[in-house]
Structures are given as structure tokens and as C-alpha cells.
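**Q** The following block contains a protein sequence and its predicted model.
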Amino acid sequence: MHGVPDARRRLMANVRSANTKPEMIVRRLTHALGYRYRLHVRSLPGSPDLVFSGKRKLIFVHGCFWHRHEGCNLTTFPKTRADYWNAKFAANVARDAAQEAALWQQGWSVLTIWECETRDLLALQQRISGFLSNDTQAPDLPPN
């Protein structure tokens, strides 16, 4: 990372992709609802955070900043290196869409939970329960 200050490099190196606080909230809540799941199944596109194999359903827990949750106040933009960040964020969004499309093609129902949604536990519980309790497709529509 040429030209990046050491402090920024250390900060970015500490950003986790698994076992994040929002993910742990979703995992605890889902477990408390009585559902059991597998974690980060690498054989599936995107290594989904929670996988319910018998139901052919899975959940991604996305950070609003990194995955660009549209309209969310957590989706801020860094003040420096705009070209780098624009490319980085565009690649993240494109990768997410491609992975979700691949999962839908394989017959999986996909639910994306955003970091900001983990603040309202009752609403989150209802959303997860509704997604997992029925045998129909996910509330999120497949990508175009």
C-alpha cells in the first residue's frame, strides 16, 4: 500500500471479515430462535455468514460502509484517495451482486442483513424468523 500512512495501514489491517459485532448479534439471535446453522461455508459463493443447508437458505451480514448500504448514514466516504475508494467500493458491490446471483442460480434463498439493522433487535428477530420459518423464497428478490 504505497503512500498510505502507517496508522491507516494498521487500522485497515484490523478490519475483520468474519465474527464481526453485527454478525455475532445475528448469530446469537438466530440461535436463540432455535435455528442451527453452519458458518462461512467456503464452498458457496461469497462464503455466506450463516448457512441453513436443509432449508437451502443463507444469510449475509454486511457492513454498511464496506458494502455500500444505499441511503444509510453509516455509508460514509473517506476524504482522501477518492479514486481508490470509488474503485474499491464499486468492486465490492459488483462482487456482492455476482455472488448473490450465483447463489440464486444454485437454488439458495438469500437474506442480506445490514449492520445498521442489528440495532433494532425486535425488528431483526422478526425479519430472521420470517425468512427462516416459511418454505418460500427469501423476501429479497433475486438480482437482475
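**A** On my side now, so go ahead. Numbers count the residues shown, from 1 in each chain.

**Q** Name the next helix or strand downstream of the longest helix belonging to the chain, please.
**A** For the chain, the longest helix by residue count, based on DSSP state H, is helix 82-105. Counting by DSSP states H and E, the element after helix 82-105 in chain order, helix or strand, is strand 109-114.

**Q** hmm, who's touching that following strand?
**A** Applying Cβ atoms under 8 Å, 6 or more residues apart in numbering, the external contacts of strand 109-114 come out as 22, 26, 48, 55-62, 64, 67, 69, 72, 100, 103-104, 124, 127-128, 131, 137-140, 142. C-beta here means a position set from N, CA and C on the backbone, and glycine is covered the same way.

**Q** just to revisit the earlier point, how far is the longest helix of the chain from where the chain is centred?
**A** Centroid displacement of helix 82-105 relative to its chain, using Cα atoms, centre = their mean, to the nearest Å, is 12 Å.

**Q** again with stretch 106-120
**A** The chain centroid and the centroid of stretch 106-120 are separated by 6 Å under Cα atoms, centre = their mean.

**Q** As PDB, could you dump the C-alpha coordinates of it?
**A** Below are the C-alpha coordinates for stretch 106-120, written out as PDB (Å, rounded to 0.1, in the frame of the first residue of the first chain):
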ATOM      1  CA  GLN A 106     -27.900 -22.800  -7.300                       C
ATOM      2  CA  GLY A 107     -31.300 -22.700  -5.700                       C
ATOM      3  CA  TRP A 108     -30.400 -20.800  -2.500                       C
ATOM      4  CA  SER A 109     -32.600 -18.200  -0.900                       C
ATOM      5  CA  VAL A 110     -30.600 -15.200   0.300                       C
ATOM      6  CA  LEU A 111     -31.200 -12.700   3.100                       C
ATOM      7  CA  THR A 112     -28.900  -9.800   3.500                       C
ATOM      8  CA  ILE A 113     -28.800  -8.100   6.900                       C
ATOM      9  CA  TRP A 114     -27.200  -4.700   7.100                       C
ATOM     10  CA  GLU A 115     -25.000  -3.600  10.100                       C
ATOM     11  CA  CYS A 116     -27.500  -0.800  10.900                       C
ATOM     12  CA  GLU A 117     -30.400  -3.300  11.100                       C
ATOM     13  CA  THR A 118     -28.700  -5.000  14.100                       C
ATOM     14  CA  ARG A 119     -29.600  -2.000  16.300                       C
ATOM     15  CA  ASP A 120     -33.300  -2.900  16.400                       C
END
